[in-house]
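Chemist: Following is a predicted model, sequence given first.
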Amino acid sequence: AAAARYPRLDPKLIKWHLIDIAPKLMPELGDKLGADAMEVLQRRGIEISLGVSVAEAGPETVTLTDGRELPCRTLIWTAGVAASPLVATLDAETVRGRLAVTDRMTLPGFDGVFALGDAAAVPDVATGDGAICPPTAQHAQRQGKAVADNLTATLRGAPLRPYVHKDLGLVVDLGGKDAVSKPLGVELKGITAQAVARGYHLMALRTNVAKVRTVTNWLLNATAGDDFVRTGFQIRRPATLRDFEYTDSYLTPDQVREHTRAMTVRH
């Protein structure tokens, strides 16, 4: 779409290659919708390699784990979220960097400590088979309410309740008129799936102002096209997690233990 707006830009110089370690594209959608999504991407000229990952990234090439080398000047890494560095200061058991908590979001061996959201590997009771809840805003928001109820129950001496949430579906916006979605187990694609995806995103917005702005942007993009000019990409200083988290303010595990021993509980 951007190349069409700039006639002097040769589309042949642009090539996309999607690499995913998963054996299937978007396995959460199921085989049929995953295949539909792959067809949409391939129709746009995007090459897809599944079951492999990046072994090495150089200035002009990317080497895959199957030995292939791809010419590459732009590498976009979408590896999901990472737990806060605060997690590492607790010396507790972790699962993929997240605290291994119970289904009541308590941390075993740490009395009075609860964890949720990105920081916790909360068991997915609804799915079972040892699954853990994905670190998404939808789960974190509901887990926050559940933790608040369990905190109240703790103060009142009442039993804690496990966090149980049955996923109602998944929506994937592929841009333009393309989308795939699976609300309540019903498989949809195309315009219908796009309507479901956009409708869900609008419902998730918390204020009417945000909803009006979002709908207005959608209408402008649909009638006038997207604005391909972006600012802020010329900053060459490499960013680290320390730039986003004030990691220097966290105590080390030894400092935490020393600080805890120095504290006295007064009634």
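Modeler: Okay, I see it.
Chemist: The chain: helices as residue ranges?
Modeler: 2-5, 31-43, 137-156, 191-204, 208-224, 241-244, 253-262 (DSSP state H).
Chemist: so what's Gln143 up against?
Modeler: Shown in contact with Gln143 (CB atoms under 8 Å, 6 or more residues apart in numbering): 105, 116-117, 120, 122, 133, 163. Any C-beta I mention is one placed from the backbone N, CA and C, and that applies to glycine too.
Chemist: What pLDDT does the model give it?
Modeler: In this model, Gln143 is scored at 96, pLDDT.
Chemist: Any regions of the stretch 151-267 of the chain where pLDDT drops low?
Modeler: 230-236, 239-248, 264-267 (pLDDT under 70).
Chemist: tell me the least confident of the contacts of Gln143?
Modeler: Ranked by pLDDT, the contacts of Gln143 bottom out at Cys133 (89).
Chemist: Rebuild the helices of the chain as a markdown table, extending it with distance to Glu56.
Modeler: Putting those into a markdown table (distance: least, CB to CB, whole Å) gives the following:
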| stretch | distance to Glu56 |
| --- | --- |
| helix 2-5 | 29 |
| helix 31-43 | 25 |
| helix 137-156 | 33 |
| helix 191-204 | 36 |
| helix 208-224 | 37 |
| helix 241-244 | 22 |
| helix 253-262 | 33 |
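Chemist: what's the closest of the contacts of Gln143 to Arg5?
Modeler: Gly117 (39.6 Å; CB to CB).
Chemist: Could you give the number of residues near the closest one?
Modeler: Neighbour count of Gly117, defined by other CB atoms under 10 Å: 21.
Chemist: What's the separation between it and Arg98?
Modeler: 9 Å (CB to CB, to the nearest Å).
Chemist: Could you name every residue contacting both of these two?
Modeler: Joint contacts of Gly117 and Arg98 (CB under 8 Å, 6+ apart) are Pro135.
Chemist: per-residue pLDDT, the closest residue to Ala4 other than its chain neighbours?
Modeler: Spatial nearest neighbour of Ala4, excluding adjacent residues (CB to CB, 6 or more residues apart in numbering): Pro11 at 8.0 Å. pLDDT for Pro11: 81.
Chemist: Identify the residues contacting the residue nearest to the spatial centre of the chain.
Modeler: Residue closest to the average C-alpha location in the chain (CA atoms, centre = their mean): Gly80, at 4.8 Å. Applying CB under 8 Å, 6+ apart, we find Gly80 in contact with Pro135.
Chemist: go again using 7 Å as the cut-off
Modeler: Counting by CB atoms under 7 Å, 6 or more residues apart in numbering, Gly80 touches no other residue.
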